[in-house]
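In: got a predicted structure plus its sequence, pasted below:
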Amino acid sequence: MDTTQKQGLESAEVIFAKNTEFNRFGLICAVILVVGCSGGLAVGLGGVQYIGTLIAAVIPTMITLSLLLAVAPMKYIMTAGLTATVINLSMIAYFLIA
């Protein structure tokens, strides 16, 4: 009963942080798959033609992969992964339309 009341008082951010740390290895697999593949597609579809787009795709992707390798807190990994994925997906959409 005591733990139920304690969990009810925690914010959603604290609960999410605990769950991501608990499921670290499963999330790492998903982050590597999504960020790596979207970064490769963004570069392959046309990001390699211009220096600026290449930098915009490679830097966030490599930061995410470096944080994974450094076993950083999942809060940082998820933020960097989400940023890299948004940038990569926007570049994929641009290169498919243009």
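Out: Yes, it's here. Numbering: from 1, shown residues only.
In: pick out the residue nearest the middle of this structure.
Out: Gly81 (1.2 Å; Cα atoms, centre = their mean).
In: show me where this protein has helices.
Out: Secondary structure of the chain by DSSP state H: the helices cover 2-9, 12-22, 24-45, 51-69, 74-97.
In: run the angle between the fourth one and helix 74-97 for me.
Out: Pointing back at helix 51-69 there. Interaxial angle of helix 51-69 relative to helix 74-97 (axes from the mean of the first three to the mean of the last three Cα atoms, to 10 degrees): 150 degrees.
In: quick one: buried residues of helix 51-69?
Out: 53-54, 56-58, 60-61, 63-65, 67-68 (16 or more other Cβ atoms under 10 Å). Glycine gets a C-beta too; all of them are placed from N, C-alpha and C.
In: what's the answer for the longest one, then?
Out: Neighbour-count burial for helix 74-97 flags 74, 77-78, 80-81, 84-85, 87-88, 91-92, 95 (criterion: 16+ other Cβ under 10 Å).
In: can I get these in a markdown table including distance to Phe25 and pLDDT?
Out: Formatted as a markdown table, those follow (distance: Cβ to Cβ, whole Å; pLDDT from 0 to 100):
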| residue | distance to Phe25 | pLDDT |
| --- | --- | --- |
| Met74 | 11 | 86 |
| Ile77 | 12 | 91 |
| Met78 | 14 | 90 |
| Ala80 | 18 | 94 |
| Gly81 | 15 | 93 |
| Ala84 | 20 | 95 |
| Thr85 | 19 | 95 |
| Ile87 | 25 | 94 |
| Asn88 | 23 | 94 |
| Met91 | 29 | 93 |
| Ile92 | 27 | 93 |
| Phe95 | 33 | 91 |
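In: quick check, nearest of the residues you listed to Asn23?
Out: Met74 (8.6 Å; Cβ to Cβ).
In: tell me who's in contact with the closest one.
Out: 17, 20-21, 24, 27 (Cβ atoms under 8 Å, 6 or more residues apart in numbering).
In: what do you get if the cut-off is 7 Å, keeping everything else the same?
Out: 20-21, 24, 27 (Cβ atoms under 7 Å, 6 or more residues apart in numbering).
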